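In: Give me coordinates for this.
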Amino acid sequence: MNDEQYLKCEKWYIFLLLITIGGFYGGYTYAQKGGIFCNAQTANIVLFGMAIGNQNWHQVLYLLIPISAYFLGTMVSEYTALQIKKFHLLRWDTVLVGIEMIAVLIMGCLPSSVPDQVFQVMINFICAMQFNTFRQAEHIPMATTFVTNHVRQTGSYLVRWLRKKEERKYLFISLRHFCMIFMFVIGAVVSTVLCHYFHDQAVLFALIILGVLFVDLVRADLIEEKELLNKVPSGH
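Out: Now for the predicted structure:
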């Protein structure tokens with residue numbers, strides 16, 4: 001399809017920036033906020049099952065907090081998207097990036113005495129909303145907060161191309177998933193290095209990428225794609 005047929009919020013470079021932020025959050029929470037990842041909940045759910053098996057009820061209750069935050073983030077994004085649409089001014093995708101900016105600013109201003117769990121829950125919540133909102137980059141399903149599926153798809157489509165080299169679309173899709181992995185790693189590297197120098201305030205550097213995204217999406221909603229606000233992004 002022609003590039004012009006995609007909404008701004010579906011453009012591949014938007015997803016590359018978003019997954020860079022996803023890697024940034026992962027590096028930040030692991031390096032600075034408790035040595036855990038808040039981008040997805042697979043690990044937490046495994047630990048939840050282990051805690052039940054070990055009858056560690058305190059740990060069970062503790063793990064319910066991030067799992068519930070992720071669950072609620074998904075529900076809030078699903079519900080709020082419908083409400084935002086009624087105003088016919090900005091897309092929910094754009095509003096969400098603005099909310100992320102506010103959340104990052106708050107985290108960056110909180111004192112170090114605030115428990116790590118507060119930061120963890122906030123990132124759980126915004127990652128859930130981001131994952132549920134941005135679903136397809138130019139008709140290719142993409143996740144922007146973790147890379148497990150990207151690893152699988154990179155290998156899967158690479159093998160398809162090796163078997164049928166005349167089908168260059170397979171190589172194209174494989175490379176796109178690989179680039180998502182690469183940018184996730186870049187985000188994690190940058191946040192880890194910044195944590196060495198800026199500690200808790202390192203999270204504020206995420207505002208640079210989020211700000212670029214926000215300005216680009218706002219311009220699209222108010223000017224470039226004003227007449228397309230009712231068009232539903234792919235995957236929704």
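In: contacts, neighbours, all on C-alpha from now
Out: Noted.
In: what is the mean pLDDT for stretch 59-78?
Out: Stretch 59-78 shows a mean pLDDT of 93.
In: Surely Ala128 is in contact with Ser68?
Out: No. Counting by Cα atoms under 8 Å, Ala128 stays clear of Ser68, with 10.5 Å between them.
In: how about Phe134, what does it touch?
Out: 9-10, 15, 93, 142-144 (Cα atoms under 8 Å, 6 or more residues apart in numbering).
In: need the longest helix for the chain.
Out: Of all the segments of type helix in the chain, defined by DSSP state H, the longest one is helix 168-198.
In: So which bits of the helix or strand that comes right after it are buried?
Out: The C-terminal neighbour of helix 168-198 among helices and strands, as given by DSSP states H and E, is helix 206-219. Buried positions in helix 206-219, judged by neighbour count with 16 or more other Cα atoms under 10 Å: 206-207, 210, 213-214, 216-218.
In: Same list (the residues you listed) but as CSV, adding pLDDT and distance to Lys169.
Out: Formatted as CSV, the buried residues of helix 206-219 follow (pLDDT from 0 to 100; distance: Cα to Cα, whole Å):
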residue, pLDDT, distance to Lys169
Ala206, 98, 33
Leu207, 98, 35
Leu210, 98, 31
Leu213, 98, 28
Phe214, 98, 31
Asp216, 98, 28
Leu217, 98, 28
Val218, 98, 32
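In: Take the residues you listed and lay them out in JSON lines including distance to Val159.
Out: Shown next, in JSON lines, are these (distance: Cα to Cα, whole Å):
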{"residue": "Ala206", "distance to Val159": "35"}
{"residue": "Leu207", "distance to Val159": "38"}
{"residue": "Leu210", "distance to Val159": "35"}
{"residue": "Leu213", "distance to Val159": "34"}
{"residue": "Phe214", "distance to Val159": "37"}
{"residue": "Asp216", "distance to Val159": "36"}
{"residue": "Leu217", "distance to Val159": "36"}
{"residue": "Val218", "distance to Val159": "39"}
